[in-house]
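J.: structure of the sequence below:
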Amino acid sequence: MDEMAVEFLHELDVPFFKVGSGDTNNFPYLKKTAQKGRPMVVSSGMQSMETMQHVYKIVKEHNQNFCILQCTSAYPLEPEDVNLRVITEYQKEFPDIPIGYSGHESGINITVGAVALGAKVVERHVTLDKSWKGSDHAASLEPEELAELVRSIRIVERALGTGLKRMLPCEVPCHDKLGKSVVAKTSIPKGTELTLDMLTVKVAEPKGVAPEEIFQLVGKKVTTDVEEDESITEDVVDSYGKKAKA
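T.: Okay, the predicted model is just below:
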């Protein structure tokens with residue numbers, strides 16, 4: 001919380017510096033800390049976006065390895081004052097650094113929510129007894145809560161995925177059972193040009209043309225007789241499938 005502490009901790013070879021919210025707008029202190037070249041975690045309680053833009057520039061000039069935490073400096077913190085959406089605003093404003101969350105709320109749910117929004121660093125205070133004197137204790141986690149928070153965060157990290165939307169291998173059994181196909185709504189003689197009113201979508205065996213391709217079938221001719229409720233497969237439609245898409 002002061003420049004003397006920075007020197008002392010630097011001599012102790014600490015793995016990183018944490019800048020508390022009360023010192024985030026202390027620019028001389030911030031510059032001195034950044035110049036030490038150690039990783040930095042900068043909390044942003046009580047600050048504005050404009051101030052945090054200045055903070056980013058000051059630290060970035062001297063140190064590339066730092067992150068900013070969304071924080072509301074209240075102990076304990078009520079959910080309506082958390083403002084988790086600032087995390088996404090920081091991500092847009094400072095896309096080249098990790099964004100995290102420093103929480104003083106009760107319980108673990110909000111912190112887990114911060115991770116779901118993309119927080120890469122989380123800070124929570126820990127106590128052995130929330131009833132002890134001092135505002136921090138009531139806003140802290142007891143050891144078993146901390147353990148549960150870590151477990152929950154790891155689950156959410158697994159659940160975040162890649163962002164690529166596609167059918168996953170785990171969905172194949174469901175698709176095999178419930179996935180629908182285009183089928184004949186009525187009997188269709190060989191050589192008939194398909195119209196939309198000849199077709200419908202049902203669960204069918206064998207699997208036929210996917211429902212999202214039903215409009216691509218319109219205007220094409222069937223190469224064999226198709227019975228009512230029979231799947232419309234690619235091989236019974238003239239100029240359809242790989243040959244048509246090539």
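J.: and the helix or strand containing Val115, what other elements does it pack with?
T.: In the assignment (DSSP states H and E), Val115 maps to helix 109-116. Applying 3 or more Cβ pairs under 8 Å, 6 or more residues apart in numbering; DSSP states H and E, one finds that helix 109-116 makes contact with strand 99-103, strand 122-124, helix 143-160. Backbone N, C-alpha and C define where each C-beta goes, glycine included.
J.: can you give me the strands for the chain?
T.: Using DSSP state E, the strands of the chain run over 17-19, 40-43, 66-71, 99-103, 122-124, 180-184, 199-203.
J.: could you point out which residue ranges in this protein have low pLDDT?
T.: Along the chain, segments meeting pLDDT under 70 span 241-246.
J.: ok, which of the strands of the chain comes nearest Asp225?
T.: Among these, the nearest to Asp225 by Cβ to Cβ is strand 180-184 (9.8 Å).
J.: any buried residues in the closest one, and which?
T.: Ser181, Val182, Val183, Ala184 (16 or more other Cβ atoms under 10 Å).
J.: what angle separates that strand from strand 199-203?
T.: Using axes from the mean of the first three to the mean of the last three Cα atoms, to 10 degrees, the direction of strand 180-184 lies 140 degrees away from that of strand 199-203.
J.: for strand 180-184, which helices and strands make contact with it?
T.: Applying 3+ Cβ pairs under 8 Å, 6+ apart, one finds that strand 180-184 contacts strand 199-203.
J.: and with 10 Å instead?
T.: Judged by 3 or more Cβ pairs under 10 Å, 6 or more residues apart in numbering; DSSP states H and E, strand 180-184 is in contact with strand 199-203, helix 214-217.
J.: quick check: which of those is nearest to Val172?
T.: Proximity to Val172 (Cβ to Cβ) singles out strand 199-203 among those, at 15.2 Å.
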